[in-house]
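Novice: Next comes the sequence, and after it the predicted model I'd like to discuss.
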Amino acid sequence: MIIALREQYSAQHELLTAYTPGHSNAKPVLAERECILGASPTLAMADIAFGKGTAVLLVAAQLYSLNEYTNATVKMTGQQARECAENIVADPFYIDIKADELAWFFAKLKAGHYGHLYNAVDTLHVTAALHEFKSELITKRRRYFEQSESEQREAERREHDRTYLRPAEARAWLEQYRARHNGNNQ
């Protein structure tokens, strides 16, 4: 997985550019199913593939974008955004969040799905919203993976049914085979 990530993004800045909102080369925010079932890198994988601190930069880019997006009069300072990003990445509860899921969370946060940012971009509001999002994400992941497994089992069952020789068909085939070979042996 790490090798594939390094092949997809040859350098850290390419990964960061792909997930920096507003950048001309940024990926669009994907729909729920694609975020959850997709193969974007987790925060942990980003750090492993491109060095410690990459995950912090991914989160910080989203925080800076949130800061600029809002009309709040009180915004996070660069230091607060960086520290908030570091705290998020340091928490094992969040390290398995994928880059696409993170972008999806911030899009939902900007859209007001986790309450309003009343005149201030507050780090505690962001982390509380992320905690709520992650709890929802766990449930959604389970549902999508169960659905995906069910679809896979159904496809396997259909393939089995298509290729399986039923007992009646097997007996008929065996009788035809014996009739041909018994006729040849006499």
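Specialist: Cool, the structure landed. Note that the structure is a prediction, hence the values are computed from the model and not measured.
Novice: Now do whatever helix or strand Gln176 lives in: distance to the chain's middle.
Specialist: Assigned by DSSP states H and E, Gln176 belongs to helix 167-185. Offset of helix 167-185 from its chain centre (Cα atoms, centre = their mean, to the nearest Å): 54 Å.
Novice: ok, Val89 - contacts?
Specialist: Counting by Cβ atoms under 8 Å, 6 or more residues apart in numbering, Val89 touches 43, 47, 55-56, 59, 95. Placement of C-beta: from N, CA and C, glycine included.
Novice: Let's see that with 6 Å instead.
Specialist: Contacts for Val89 (Cβ atoms under 6 Å, 6 or more residues apart in numbering) come out as 43, 55-56.
Novice: Packing partners of the helix or strand where Leu109 lies?
Specialist: Assessed by DSSP H and E, Leu109 sits inside helix 99-110. Other helices and strands packing on helix 99-110, by 3 or more Cβ pairs under 6 Å, 6 or more residues apart in numbering; DSSP states H and E, are helix 32-37, helix 54-69.
Novice: Compute the inter-axis angle for that helix and helix 54-69.
Specialist: In terms of direction (axes from the mean of the first three to the mean of the last three Cα atoms, to 10 degrees), helix 99-110 departs from helix 54-69 by 20 degrees.
Novice: Can you name the residues that contact Leu63?
Specialist: Applying Cβ under 6 Å, 6+ apart, one finds that Leu63 lies in contact with 81, 84-85.
Novice: so how far is the following helix or strand past the helix holding Leu109 off the chain centroid?
Specialist: Moving toward the C-terminus from helix 99-110, the next helix or strand (DSSP H and E) is helix 123-163. Distance of helix 123-163 from its chain centroid, counting by Cα atoms, centre = their mean, is 10 Å.
Novice: Where does the prediction get shaky in this protein?
Specialist: Low-confidence segments of the chain (pLDDT under 70): 183-186.
Novice: if you set the cut-off to 80 instead, what comes out?
Specialist: Scanning the chain for pLDDT under 80 picks out 1, 24-25, 117-118, 161-162, 164-165, 182-186.
Novice: List the buried residues of stretch 55-69.
Specialist: Under the neighbour-count criterion of 16 or more other Cβ atoms under 10 Å, stretch 55-69 has 55-67 buried.
Novice: what does stretch 121-129 give?
Specialist: For stretch 121-129, a neighbour-count test (16+ other Cβ under 10 Å) marks 121-123, 125-126, 129 as buried.
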